[in-house]
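Q: Mind folding the following:
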Amino acid sequence: MRRLPIYFLIDVSESMVGEPIEEVQNGIRTIIQELRFDPYALETVYVSIIAFAGKARTLSELTELFKFYPPKFPIGGGTSLGIGLNHLMDSIDQNIQQTTQEIKGDWKPIVFLFTDGTPTDNPDRAIQRWNTKYRKGCNLIAISIGDNVDTKMLSSIADNVLRLKDTDANSFTAFFKWITASIKTSSVSVSETANDELKLAPIDGINLEKVDTNQSCRIDENFAVVMGKCQTTKRPYLIKYAKRIRPLDVKGLEHFNVTDFKLVGAFPVEEESYKMLSDESQTKRNINTIELLGAPTCPCCGNQFGFVVCECGNIFCVGDAEYNKCPWCGLEGTLGEGKAEGMNINRARG
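A: The predicted structure follows:
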């Protein structure tokens, strides 16, 4: 039986932490459950999941549908699209059966690329490799999650560039139903007509739009993410802030806007999997603490203050104890007053 390979190439950078990665996790699970009730998909579809951040990793090798179990998605530092693309192409080389004179190989693979940010590496060589050797033999659908993505760059690797305009739970649910319908349509097409050209479901009525890549692209930085470490457990956690634009709260100047970042939440990360997927070089991207509104409790131990900045410049948590020890540098002491002008702290890569 000729296989219809479905690859999910998923951005798991730090900006995806929290609700977005949970929605993707739930969405993949729903896709698999729905496809298992479709006889055409059961007969043809094989699924693989590749995660990329600063590095890339295969979470699930190409597996037939009825044996596939959705993996848990990790989080990593960076958005190295070039590394992710190269990992995908290496997987295609290793796992896709090409058609020869003796054997009819697999159907043309379908790749769903999800990303919510701009690359933190230089993907040019990977893009050239993709366009030279793989693009004609694969159906790649690039999906921008939100508007912090260079869609013109995505158009250099994919004919189909789409944007998920809203990232609430209902929008994600409709989005994953659309993916399921597209896979079902494609599996029927290869089974009944031996045609593996892409057959996407209609996008009417959902918060998904086809991007006009001929228009100028404005990239908006929607989130700021910083890393902390728990003083009690020594576990790392990510603190996520969402950008907010609002009128200046000064009489007579209300027509001017001010930009800041409001707390979304703090999320523990598994240290080993985070390191495996992270580009560990420094970002040289700072943000001042004055721009960050709200401070979380520690998501690892529950300490009241999850955003305390040490003299070493790193963030950790503090509870009721009079004396505290920074889990990053080991400095011990008592809490002091913050500077009126704030402090510049290092931002995460994602």
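
Q: CA atoms for contacts and neighbours, from now on please.
A: Will do.

Q: tell me the SS of the residue nearest to L263 when sequence neighbours are not counted?
A: Of all residues beyond its chain neighbours, the one nearest L263 is Y241 (4.4 Å), with distances taken as CA to CA, 6 or more residues apart in numbering. For Y241, the reduced secondary structure class is strand; criterion used: DSSP: H, G, I helix; E, B strand; the rest coil.

Q: and C329, how many neighbours?
A: Look at C329: counted by other CA atoms under 10 Å, it has 12 neighbours.

Q: And K165, by the same measure?
A: Residues near K165, counting by other CA under 10 Å: 15.

Q: Was I right to think it contacts I145?
A: Yes. With contact defined as CA atoms under 8 Å, K165 counts as touching I145 (7.1 Å).

Q: about what we covered before: the residue nearest to L263 and D260 touch, don't they?
A: No. At 9.1 Å, Y241 and D260 do not qualify as touching, with contact defined as CA under 8 Å.

Q: who has more neighbours, the two?
A: Under the criterion of other CA under 10 Å, the comparison of Y241 against D260 puts Y241 first, with 24 against 15.

Q: Tell me the spacing between that one and K262.
A: 5 Å (CA to CA, to the nearest Å).

Q: any common contacting residues for the two?
A: Contact criterion CA atoms under 8 Å, 6 or more residues apart in numbering; residues bridging Y241 and K262 by contacting each: L292.

Q: quick one: low-confidence ranges for the protein?
A: Within the chain, the segments meeting pLDDT under 70 span 216-220, 254, 281-284, 350.

Q: quick one on the thing from earlier: what sits against the residue nearest to L263?
A: Counting by CA under 8 Å, 6+ apart, Y241 makes contact with F223, A224, V225, F261, K262, L263, V264, G265, L292.

Q: The residues you listed in strands, which ones?
A: Secondary structure from DSSP state E places F223, A224, V225, F261, K262, L263, V264, G265, L292 of the contacts of Y241 in strands.

Q: surely the fifth one meets P296?
A: No. Contact status for K262 versus P296: not in contact, 11.1 Å apart, counting by CA under 8 Å.

Q: who touches L65 in this structure?
A: Contact criterion CA under 8 Å, 6+ apart gives I32, L35, R36, A41, L42, V45, Y46, V47 as the residues in contact with L65.

Q: The last one and T63 touch, don't they?
A: Yes. V47 is in contact with T63 according to CA under 8 Å; the separation is 5.3 Å.

Q: Settle it for me: which of these two has more neighbours?
A: Shown here are V47 and T63; by other CA under 10 Å, V47 has more neighbours (24 against 16).

Q: what is that one paired to in the beta sheet?
A: V47 forms beta bridges with I6, T63, as assigned by DSSP bridges.

Q: can you map out the helices along the protein?
A: For the chain, applying DSSP state H gives helices covering 19-35, 39-44, 81-95, 124-129, 151-155, 169-193, 271-276.

Q: Next, give phi and psi for the residue located most distally from the centre of the chain.
A: Among the C-alpha atoms of the chain, the one farthest from their average position, using CA atoms, centre = their mean, is that of G252, at 41.4 Å. In terms of degrees, to the nearest 10, the main-chain angles of G252 are phi 90, psi -10.

Q: Quickly note the distance from it to S144.
A: Taken as CA to CA, the spacing of G252 relative to S144 amounts to 39 Å.

Q: buried residues in stretch 93-105?
A: Buried positions in stretch 93-105, judged by neighbour count with 16 or more other CA atoms under 10 Å: I96, Q97, G105.
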